[in-house]
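Q: Okay, here's the prediction I keep looking at, along with the sequence it came from:
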Amino acid sequence: MDDSEAFVTEVCLHYFGNEMTQSEIATQMGVTRLRVNQAIQHAKTNGIIKFQIDTPFIVRFEKQQRLKDALGLKRTCIAPVNETITAITGQPAQPWRHL
């Protein structure tokens, strides 16, 4: 089996860049789907692949996770408050409360 970083890089480029399935990659590269999966996991574990979500919503999702963990809940939802709330209710929107 080829454990080289070049192999892992090629697999990841096909998987994340070209949006190919693991089966398609395996067929194209002449390896098993398991080997493709292992390469992707290796890339994630060793920092070859890094995920970054760049959105203003990430703050809300992080707060939801902290609230869920702190209270032992299965699911949480924090709704954003803005001018729309004021327009609908006639009451001023309350600011976010930080956990």
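A: Right, received. Where do you want to start? Since the model is a prediction, treat every value here as computed from it, not as a measurement.
Q: and residue 42, how many neighbours?
A: Using other Cβ atoms under 10 Å, residue 42 is surrounded by 17 other residues. All C-beta spots, glycine's among them, are computed from the backbone N, C-alpha and C.
Q: Surely it is in contact with residue 9?
A: No. The pair residue 42 / residue 9 is not scored as a contact, 10.7 Å apart, by Cβ atoms under 8 Å.
Q: And the protein, what are its domain boundaries?
A: 5-45, 53-99 (automatic domain parsing).
Q: Return every residue with contacts to both of residue 42 and residue 9.
A: Taking Cβ atoms under 8 Å, 6 or more residues apart in numbering as the criterion, residue 42 and residue 9 both touch residue 48.
Q: Please list all residues in contact with residue 53.
A: Counting by Cβ under 8 Å, 6+ apart, there are no residues that residue 53 touches.
Q: Just give the nearest non-adjacent residue to residue 16, would you?
A: residue 49 (6.9 Å; Cβ to Cβ, 6 or more residues apart in numbering).
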